[in-house]
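Trainee: build me a model:
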Amino acid sequence: MSTRTARLTPHLLLAPATICLVLFVAAPLVIVLVLAFFNLNLVTGTSSFVGGANFATEIPHPEFARALRNTLLYAVFTIGPSMVGGLLVALLIHGLRRGQGFWRSLYFLPVATTLVAMSSVWRWMFRADTGVVDTVIAPILGIHDWLSDPNLALAAITVVGNWHQIGLVAILYLAALGTLPQDQYDSASLDGAGGWNRFWHVTWPALGPTTIFVFIMTAGSALQAYDVIAAMTQGGPLGSTETLTFAIWNRGVHYFDIGRAAVLSLALLVLSVAVTAIQRTGYARRLENGGSR
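Mentor: Predicted structure coming up:
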């Protein structure tokens, strides 16, 4: 093989992936960025350059602040709880001597089902007075009709989000737990380490790379939540469950305001990058490398 061929071979092998990256990632990003500076009328098929007018109109708008707040709240109340809940489920299943396959399948069912269809079931469960949630919880806590209450609707959405994500998180952690070396646990036991110390100093550091991956997966799902909101609340009541993704659909598809929808899309991109960048912090990098304390 000649020197020229040896130099070209890696580029040729990377070409298909590079083309897909340009077509499906870089090009849409550039298009959205360009559209944010134009006023595009889909009805008449005309467009005009408006500069930063879309940014100046959308950023101070109450819709933007509300959607950003709802997105952050949904992320906070789904990322952490689903990761903790999934880890606990994984540890419990991993500790079983029998029936692991049954419990794995049971907890993976929410992931395998269509979220839109299951959201309809959850909407029935949250139905005022006759739903399962109202029937069981209302007599105890005195709260009911969650989906019609602006103070409770987002909480109901987060319940469904956690229900859907915990199964996937548990399966990922179970896969990681199955690869942990037993000799480290034996050494810790010989040193007199109890159950908590074995988890904190052996299991948890070894699960570091999986934890970072799980965080990225759950964060991406939380920031892009749309289907459960569209199926259960349509962003209501009074916009209390309208996230950035739903606001993008509402602004761009419902009102045909492509320019301002592009601004919202760029805001979601910035937020996603900022949240994902957490993995580059000191402690997160230690977890990713699987280091010990």
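
Trainee: my read is residue 209 is in a strand, agree?
Mentor: No. Judged by DSSP: H, G, I helix; E, B strand; the rest coil, residue 209 forms no part of a strand; its state is helix.

Trainee: neighbours around it, how many?
Mentor: Number of residues near residue 209 (other Cβ atoms under 10 Å) recorded here: 13. No exception for glycine: its C-beta is placed from N, CA and C like everyone else's.

Trainee: where does the stretch 151-293 of the chain dip in pLDDT?
Mentor: Counting by pLDDT under 70, the ranges of the stretch 151-293 of the chain that qualify are 184-194, 279-280, 282-293.

Trainee: what are the ranges of the helices in it?
Mentor: 153-177, 182-190, 195-198, 204-206, 208-223, 227-232, 244-249, 258-276, 282-288 (DSSP state H, counting those that start in this stretch).

Trainee: distance to residue 54 for these - can I get that in a markdown table?
Mentor: Output for the helices of the stretch 151-293 of the chain, formatted as a markdown table (distance: least, Cβ to Cβ, whole Å):
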| stretch | distance to residue 54 |
| --- | --- |
| helix 153-177 | 27 |
| helix 182-190 | 55 |
| helix 195-198 | 53 |
| helix 204-206 | 46 |
| helix 208-223 | 21 |
| helix 227-232 | 24 |
| helix 244-249 | 13 |
| helix 258-276 | 4 |
| helix 282-288 | 35 |
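
Trainee: and those helices: which comes nearest residue 66?
Mentor: Residue 66 sits nearest to helix 244-249 of all those, at 8.3 Å, using Cβ to Cβ.

Trainee: what residues does the closest one touch?
Mentor: Here helix 244-249 makes contact (Cβ atoms under 8 Å, 6 or more residues apart in numbering) with 63-64, 67-68, 71, 223-226, 229-230, 235, 261, 264-265, 267-268, 271.

Trainee: go on, stretch 22-32?
Mentor: Surrounding stretch 22-32, the residues in contact under the criterion Cβ under 8 Å, 6+ apart are 262, 265, 266, 269.

Trainee: with neighbour count added, can I get these in TSV?
Mentor: Compiled in TSV, the contacts of stretch 22-32 are given as follows (neighbours: other Cβ atoms under 10 Å):
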residue	neighbour count
262	25
265	22
266	18
269	15
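
Trainee: pretty sure residue 263 sits against residue 58.
Mentor: Yes. Between residue 263 and residue 58 there is a contact at 4.5 Å, judged by Cβ atoms under 8 Å.

Trainee: so the two - more neighbours on which side?
Mentor: More crowded of residue 263 and residue 58, by other Cβ under 10 Å: residue 263, with 26 against 22.

Trainee: gap between the two ends of stretch 235-247?
Mentor: Start to finish, the residues bounding stretch 235-247 are 8 Å apart (Cα to Cα, to the nearest Å).

Trainee: now it: buried residues?
Mentor: Buried residues in stretch 235-247, counted by 16 or more other Cβ atoms under 10 Å: 235, 239, 240, 241, 242, 243, 244, 245, 246, 247.

Trainee: once you drop chain neighbours, what's closest to the third one?
Mentor: Right, residue 240. Nearest-residue entry for residue 240: residue 150, 3.9 Å, with adjacent residues in sequence omitted and distances by Cβ to Cβ, 6 or more residues apart in numbering.
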